[in-house]
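K.L.:
Please work out how this folds:
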Amino acid sequence: MDGVLTVDEPRASGLTRPLVDLLPRIDGLVGLRQTAKLNDPRLTRIHAAIVAAPSGAILSGWAAAVLHGVPGDFLDGNRP
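P.N.:
Numbers count the residues shown, from 1 in each chain. Coordinates of the predicted model:
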């Protein structure tokens, strides 16, 4: 996805781990790196959610959660 890769992608193309570690991280999404600056940080988060989502996942919920955050009392889709 534009501007976001998993850490495995640059490593597979020959980048060493120290160089991959220098790429900007995306808050709250482990194993992803920002490879190009996008105009809107929200767009970066949406791209990161798409990269992190399992294949075939419904992404509208992922995108909303990434943009707006998930409250700490939210567990498994149910609120107490």
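K.L.:
Distance from stretch 16-28 to the middle of the chain?
P.N.:
Here the centre of stretch 16-28 is set off from its chain's centre by 12 Å, with CA atoms, centre = their mean, to the nearest Å.
K.L.:
in that stretch, what's buried?
P.N.:
Neighbour-count burial for stretch 16-28 flags 20, 26 (criterion: 16 or more other CB atoms under 10 Å). Just so you know, the C-beta spots here come from the backbone N, C-alpha and C atoms, and that holds for glycine as well.
K.L.:
contacting residues around it?
P.N.:
Here stretch 16-28 makes contact (CB atoms under 8 Å, 6 or more residues apart in numbering) with 4, 7, 10-11, 32-35, 44-45, 48, 66.
K.L.:
start to end distance for it?
P.N.:
23 Å (CA to CA, to the nearest Å).
K.L.:
Mind checking which of the contacts of stretch 16-28 are buried?
P.N.:
4, 7, 10, 32-34, 44-45, 48, 66.
K.L.:
coming back round to it: now tabulate the contacts of stretch 16-28 in CSV and tack on distance to G56.
P.N.:
Listed next are the contacts of stretch 16-28 as CSV, based on distance: CB to CB, whole Å:
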residue, distance to G56
V4, 19
V7, 22
P10, 25
R11, 25
L32, 19
R33, 24
Q34, 25
T35, 24
T44, 23
R45, 21
A48, 18
V66, 18
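K.L.:
Right, I'll call it a day here.
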